[in-house]
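> Provide a 3D model corresponding to the input given below.
(chains A and B)
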There are 2 protein chains.
Amino acid sequence: MKIKIDDLRSKIEKVLASTNYSEVQSKAIAEVLMYAELTGKNTQGLLKLSGTEPIQNIKPKYEPKIVKETKLSALIDGGGNPGILVSHMATKMAIEKCKEFGFGIVGTNNTFSSTGVIGYYASEITKNDFIGIVMAGSPGAVAPHGGIDPIFGTNPVAFGFPTNEWPIVFDMATSAITWYGLVRAKALRQKIPDGVAIDHEGNLTTNPEEAMKGAILPFDKSYKSSGLSLMVELLTGPLVGAAFGDIEGKGDWGNIFIAVDPELLIGREKFKENSSLLIKKIKESRKAKGQDIIHIPGWKGFDKKEKTEKSGEIEIEDSIYNSIA
Amino acid sequence: MKIKIDDLRSKIEKVLASTNYSEVQSKAIAEVLMYAELTGKNTQGLLKLSGTEPIQNIKPKYEPKIVKETKLSALIDGGGNPGILVSHMATKMAIEKCKEFGFGIVGTNNTFSSTGVIGYYASEITKNDFIGIVMAGSPGAVAPHGGIDPIFGTNPVAFGFPTNEWPIVFDMATSAITWYGLVRAKALRQKIPDGVAIDHEGNLTTNPEEAMKGAILPFDKSYKSSGLSLMVELLTGPLVGAAFGDIEGKGDWGNIFIAVDPELLIGREKFKENSSLLIKKIKESRKAKGQDIIHIPGWKGFDKKEKTEKSGEIEIEDSIYNSIA
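Residues are numbered from 1 along each chain as shown, chains lettered A, B, ... in the order given. Purely as a prediction, here's the structure:
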């Protein structure tokens, strides 16, 4: 169905405000879900209000609270609130610190459920012409290179860089397939691709249920992506007081949000000029056979968002809309 | 041949001091080269004093100078000095800033020749119980995903994390093969592995010379490692005023050195306790078939270094030693 963008946003806000969230909190969560829908990352949008663990049904233990703060940093105890809500708050804090001191780093722990599309937070940071780095921890799902137990989370990482056009927003899981990829394949009774996961005994499997009992592999199946996954694990677990190496997958989730002002080095205007020139060089370079474009990270989504916003209406799945109505 | 470690260090220092470097500068460069030799990264050690571009023959234009400085940051114009010398200086500055303010970021530009084994700088940062992030730019060699021109450098990245044992020091190129890998294969008239490089027309090639005229692929040959390479390019080029998107490969090289004090978040002691616990969980987890150990990044090198230092002597190739003697 097609629905007015503003109506969808209001709908999401209303559903959230009807349970455990204040108006301000509902708006914050809705903003992140709408970004996902508008940029075409539907699995991180409206879907979060349906299924087995809808955000509106989460019962936070207490309001998020700042348990440590310095000029450059803050550590937030999420109080069992949704990852999206606490991440929205953490991003704002990192930006405020960066505005004042040129750098801000905010960690969160004790959040519940998904952090949503982490490119959103990196993108918000770029709106101030800052460079954003965001990482999200999650329960053990990925085996380290050489191992078969699910020690690491799927550990996504996002980077945002300001330019004179759209920002560069790069967002990837360090795992070969996302956890949601397994859930979806299981629900649709589909196989998962070859070589992305192993069963509990360490044998490659294309069966999503076996993979859930086993482990996902790091994205390039070598020591490189395994090392990157370890890095995200260290920054979103040990550094912020959240769970890590969480084979049982029961622990609380942690995240890290970093904002760096280019003014610390080359300066904001010069950085944007340079990053736009790099984009130009990439776009003007020769394409591989069968390619008519070299994608700039995030731009496909921003293009979709811009077109959708211009039309005022957004296409969503009837079944998902009805499930939250 | 076997040679006393101290004698090798003195030898390197003497060779460097005999040309364009002060005693202090010679010691700094030697320290980085010795780290490479001791941890078994021989291609980044003594070899840098031989070949077509030996460090002792570089003619710096002027002393490195700080062109911008804030409490948290510095930008260093390398003055055409060796990447290793300027990186050594930048690492020290990042550490000093981090000691005072909990965070330090130092960029360099206008350096000449290789940055050496960048794990060294990350490792130095961990000696203060800080987290280190180091990235090195280099002339265009790698094609972005979807393209065939060598836009990105081989763009290595290193992370260092303090623990209660050896630090975790992870060091990787974001390219599928290093530039030195091509140089070496060419010299030995060997083929390079399948699928790591393309010729000038974008066809896969195993011929190192064709690859040099073409481009290396990002390490996982997908948008993921291409995005990571772009990120390193942005942080070591546009952000620090060095060359970027440098297809001609003529530009100056840039680097970035970041130190973060865990005291900003969970605290130094708790971080080390946590990171050591994560290592324990990894080491105690089940191994893949045929594996008797899951490697902790950097530890193979530290083990080698410790044993070599205990023996007092180091094994080096006669031909390389003689070429600098």
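
> The spatially most central residue of chain A: what's it in contact with?
Taking C-alpha atoms, centre = their mean, the centroid of chain A lies closest to A:I118, which sits 2.3 Å from it. Contacts for A:I118 were tallied using C-beta atoms under 8 Å, 6 or more residues apart in numbering or on different chains; they are A:S87, A:V134, A:M135, A:A136, A:P156, A:V157, A:A158, A:D171, A:N255. In this view, the C-beta of every residue, glycine as well, is placed from N, C-alpha and C.

> Would you reformat these as CSV and include secondary structure?
Listed next are the contacts of A:I118 as CSV, based on DSSP: H, G, I helix; E, B strand; the rest coil:
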residue, secondary structure
A:S87, helix
A:V134, strand
A:M135, strand
A:A136, strand
A:P156, strand
A:V157, strand
A:A158, strand
A:D171, strand
A:N255, strand
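
> Tell me the one among those residues nearest to B:T126.
Set against B:T126, the nearest of the contacts of A:I118 by C-beta to C-beta is A:M135 (19.1 Å).

> Quick check: pLDDT value at that closest one.
Looking at A:M135, its pLDDT is 98.

> didn't it look like it was pressed against A:L234?
No: contact criterion C-beta atoms under 8 Å: A:M135 and A:L234 do not qualify, at 9.7 Å.

> Please report the distance of A:T205 from A:A185.
Applying C-beta to C-beta, to the nearest Å, the value for A:T205 to A:A185 is 11 Å.

> which neighbours do the two share?
Taking C-beta under 8 Å, 6+ apart as the contact rule, A:T205 and A:A185 both touch A:I192.

> Enumerate the residues of the stretch 51-200 of chain A near chain B.
A:68, A:70, A:72-73, A:75, A:101-103, A:105, A:107, A:131, A:143-149, A:151, A:159, A:161, A:168, A:170, A:172 (C-beta under 8 Å from any C-beta of the partner chain).

> In helices only, show me these.
Per DSSP state H, helices hold the following members of those: A:F101.

> Got the domain ranges for chain A?
For chain A, automatic domain parsing gives the domain ranges A:1-57+A:302-325, A:62-176+A:222-266, A:177-216.

> Which of those domains sits closest to A:E284?
Counting by C-beta to C-beta, A:E284 lies closest to domain A:62-176+A:222-266 out of the domains of chain A; the figure is 14.3 Å.

> mind checking how far that closest one is from the chain centre?
Distance of domain A:62-176+A:222-266 from its chain centroid, counting by C-alpha atoms, centre = their mean, to the nearest Å, is 8 Å.

> next one: stretch A:258-274
The mean C-alpha position of stretch A:258-274 is separated from the chain mean by 23 Å, C-alpha atoms, centre = their mean.

> and what of stretch A:30-48?
That offset, for stretch A:30-48, works out to 11 Å (C-alpha atoms, centre = their mean).

> Can you read off the pLDDT for the residue nearest to the centre of chain A?
Per-residue pLDDT puts A:I118 at 97.

> for it, phi and psi?
Taking degrees, to the nearest 10, you get phi -70, psi -20 for the backbone angles of A:I118.

> try A:K304
phi -60, psi -40.

> need the contact list for it.
A:K304 touches A:L38, A:T39, A:G40, counting by C-beta under 8 Å, 6+ apart.

> A:G79 now?
Contacts of A:G79 by C-beta under 8 Å, 6+ apart are A:P60, A:K61, A:Y62, A:E63, A:P64, A:K65, A:N110.

> and it, what helix or strand is that in?
Using DSSP states H and E, A:G79 maps to neither a helix nor a strand.

> and what of A:S229?
Going by DSSP H and E, A:S229 is part of helix A:223-236.

> rewinding a little: can you redo the contacts of A:G79 as a markdown table with neighbour count, pLDDT and secondary structure?
Listed next are these as a markdown table, based on neighbours: other C-beta atoms under 10 Å in any protein chain shown; pLDDT from 0 to 100; DSSP: H, G, I helix; E, B strand; the rest coil:
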| residue | neighbour count | pLDDT | secondary structure |
| --- | --- | --- | --- |
| A:P60 | 18 | 94 | coil |
| A:K61 | 11 | 95 | coil |
| A:Y62 | 11 | 96 | coil |
| A:E63 | 11 | 96 | coil |
| A:P64 | 21 | 97 | coil |
| A:K65 | 11 | 97 | strand |
| A:N110 | 24 | 95 | strand |
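
> Which one of those residues is nearest to chain B?
Closest approach between the contacts of A:G79 and chain B, by C-beta to the nearest C-beta: A:N110, at 12.9 Å.

> Go ahead and confirm the closest one touches A:P82.
No: the criterion here is C-beta under 8 Å, and A:N110 misses it with A:P82 at 11.6 Å.

> Over to A:F112: give its phi and psi.
Backbone torsions of A:F112, given as degrees, to the nearest 10, read phi -120, psi 130.

> contacting residues for it?
Counted by C-beta under 8 Å, 6+ apart, A:F112 has contacts A:I58, A:P60, A:G78, A:G80, A:N81, A:P82, A:G83, A:D252, A:W253.

> Check the gap between it and A:P60 for me.
For A:F112, the distance to A:P60 - C-beta to C-beta - is 7 Å.

> where do the contact lists of the two overlap?
Between them, A:F112 and A:P60 share the neighbouring residues A:G80, A:N81, A:P82, with contact defined by C-beta under 8 Å, 6+ apart.

> Dump those residues to JSON lines, plus neighbour count.
What follows is the shared contacts of A:F112 and A:P60, written out as JSON lines (neighbours: other C-beta atoms under 10 Å in any protein chain shown):
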{"residue": "A:G80", "neighbour count": "17"}
{"residue": "A:N81", "neighbour count": "29"}
{"residue": "A:P82", "neighbour count": "28"}
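
> B:G312: which of those is nearest?
Within the shared contacts of A:F112 and A:P60, the smallest distance to B:G312 is 56.4 Å, found for A:G80 (C-beta to C-beta).

> Chain neighbours aside, what residue packs nearest to the closest one?
Nearest non-adjacent residue to A:G80, counting by C-beta to C-beta, 6 or more residues apart in numbering or on different chains: A:K61, 3.8 Å away.

> Equivalent analysis for A:T43, please.
Nearest non-adjacent residue to A:T43, counting by C-beta to C-beta, 6+ apart: A:Y180, 5.6 Å away.

> helix or strand for the one you found, which one?
helix A:179-187.

> same check, this time on A:E31
Residue-wise, A:E31 maps onto helix A:23-38 under DSSP H and E.

> If you count neighbours, what's buried in that helix?
A:25-38 (16 or more other C-beta atoms under 10 Å in any protein chain shown).

> then that helix to PDB, C-alphas only?
Output of helix A:23-38 as PDB, limited to C-alpha atoms (Å, rounded to 0.1, in the frame of the first residue of the first chain):
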ATOM      1  CA  GLU A  23       6.100  11.500  23.400                       C
ATOM      2  CA  VAL A  24       9.700  12.600  23.000                       C
ATOM      3  CA  GLN A  25      10.900   9.000  23.200                       C
ATOM      4  CA  SER A  26       8.300   7.800  20.700                       C
ATOM      5  CA  LYS A  27       9.400  10.500  18.300                       C
ATOM      6  CA  ALA A  28      13.100   9.500  18.700                       C
ATOM      7  CA  ILE A  29      12.400   5.900  17.900                       C
ATOM      8  CA  ALA A  30      10.100   6.700  15.000                       C
ATOM      9  CA  GLU A  31      12.800   8.900  13.500                       C
ATOM     10  CA  VAL A  32      15.200   6.000  13.300                       C
ATOM     11  CA  LEU A  33      12.600   3.600  11.900                       C
ATOM     12  CA  MET A  34      11.500   6.200   9.300                       C
ATOM     13  CA  TYR A  35      15.100   6.600   8.200                       C
ATOM     14  CA  ALA A  36      15.300   2.900   7.600                       C
ATOM     15  CA  GLU A  37      12.000   2.800   5.600                       C
ATOM     16  CA  LEU A  38      12.900   5.900   3.600                       C
END
